[in-house]
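Undergrad: show me how the following folds:
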Amino acid sequence: MDNTIITLLSHFGRLPFAELELLLKPQWIWWDIYGEELDSYLKTLLLREPKGKSKKPGRKGLASSVEGGTELLNNVSSSNLK
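TA: I've put the predicted structure just below:
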């Protein structure tokens, strides 16, 4: 897992398993082997709970503040639509 994905995960905070899978499976070749173990490990960390979408206009999303985050999310979103 590269640093971009790790940074992205730390910014999102705790995610439900299904969302974590949608985010990582297309990008991380080890998901099928270590995905459940990673989910269990992430639950032990002191991560913040994910917040709802901001209603403040002009505020950047979390993914845009992480280098490569927006592109990563776009790739995940587009690959899930196929």
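
Undergrad: SS state for residue 22?
TA: Three-state call for residue 22 (DSSP: H, G, I helix; E, B strand; the rest coil): helix.

Undergrad: going forward can the numbers begin at 15, since that is how I track them
TA: OK, 15 is where the count begins now, so the last one is residue 36.

Undergrad: tally of neighbours for it?
TA: By other C-beta atoms under 10 Å, the residues close to residue 36 number 15. Yep, even glycine has a C-beta here, placed from its N, CA and C like the rest.

Undergrad: over to residue 20?
TA: 11.

Undergrad: do the one 3 residues further on as well
TA: Residue 23 is flanked by 20 other residues according to other C-beta under 10 Å.

Undergrad: one more: residue 34?
TA: 19.

Undergrad: same check, this time on residue 37
TA: Burial of residue 37 is recorded as 21 neighbouring residues (other C-beta under 10 Å).

Undergrad: go on, residue 19?
TA: Summarising burial for residue 19: neighbours were counted as other C-beta under 10 Å, giving 17.

Undergrad: okay, buried residues for the one helix or strand it maps to please.
TA: Assignment of secondary structure by DSSP states H and E places residue 19 within helix 17-26. Residues of helix 17-26 classed as buried by neighbour count (16 or more other C-beta atoms under 10 Å): 19, 21, 22, 23, 25, 26.

Undergrad: next one: stretch 34-49
TA: Under 16+ other C-beta under 10 Å, the buried positions of stretch 34-49 are 34, 37, 38, 39, 40, 41, 42, 45, 49.

Undergrad: gap between the fifth one and residue 59?
TA: In this case it means residue 40. Applying C-beta to C-beta, to the nearest Å, the value for residue 40 to residue 59 is 23 Å.

Undergrad: likewise residue 35?
TA: Where residue 59 is concerned, residue 35 sits at a distance of 18 Å (C-beta to C-beta).
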